[in-house]
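Colleague: okay, predicted coordinates and the sequence, questions at the end:
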Amino acid sequence: MKTHIEIFDPALCCSTGVCGPDVDPALTRMAKLHTDLQKQGYEVSRYNLAQEPQPFVENKLVNDLLHAEGPEALPAVLVDGELKKHGEYPTLSELAAWLNVAEEKLKPVQPKKQINLL
C-alpha cells in the first residue's frame, strides 16, 4: 500500500497560497514539494481551509485539532490517517522518513541545460 500524505493548510488566498507581494517562503517551498512529489508518483494531497472546508469538517483528527487549538494549529499533516505534525509544514527529511525513501530521492532533478534569462 502506498503512503498517503495529507496537508491541511490554513485559509489561503488561493490553492497554493503563493500569490501577492509578500509570499511566505514556507508556502513556496511546500507548493514546490507538493508538485514535485506528485510528479514522482507519491500520494500527497493538500487542502485549503478557505477553498475546501469539507475535508476539515469530515476528518475527525483535523476537526478535533481545530476545536482544541484553533486555526493556529494549521498546517496539519496526516500520514496514512495519523496526525504527524501541526503548526508548521514538514521538512524534506520528515517527508522522506514518512515515505520511507532517501531524502535525495525527493529532491527535484535539475535540468541538464540551464536557461540564462539575462
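Modeller: Looks like it came in fine.

Colleague: going forward, measure contacts and count neighbours with C-alpha atoms only.
Modeller: Will do.

Colleague: could you count how many residues lie near the closest residue to Y89 other than its chain neighbours?
Modeller: Counting by Cα to Cα, 6 or more residues apart in numbering, P75 is the residue found nearest to Y89 once chain neighbours are left out, at 6.2 Å. The number of residues packed near P75 is 22, by other Cα atoms under 10 Å.

Colleague: quick one, helices of this protein?
Modeller: Taking DSSP state H, the helices of the chain run over residues 25-39, 54-58, 60-69, 92-99, 103-106.

Colleague: for the nearest residue to A96 once chain neighbours are set aside, the count of nearby residues, please.
Modeller: Counting by Cα to Cα, 6+ apart, A96 lies nearest to E103, which is 5.1 Å off, once chain neighbours are set aside. Residues near E103, counting by other Cα under 10 Å, number 14.

Colleague: gap between E103 and T28?
Modeller: Using Cα to Cα, to the nearest Å, one obtains 19 Å as the distance from E103 to T28.
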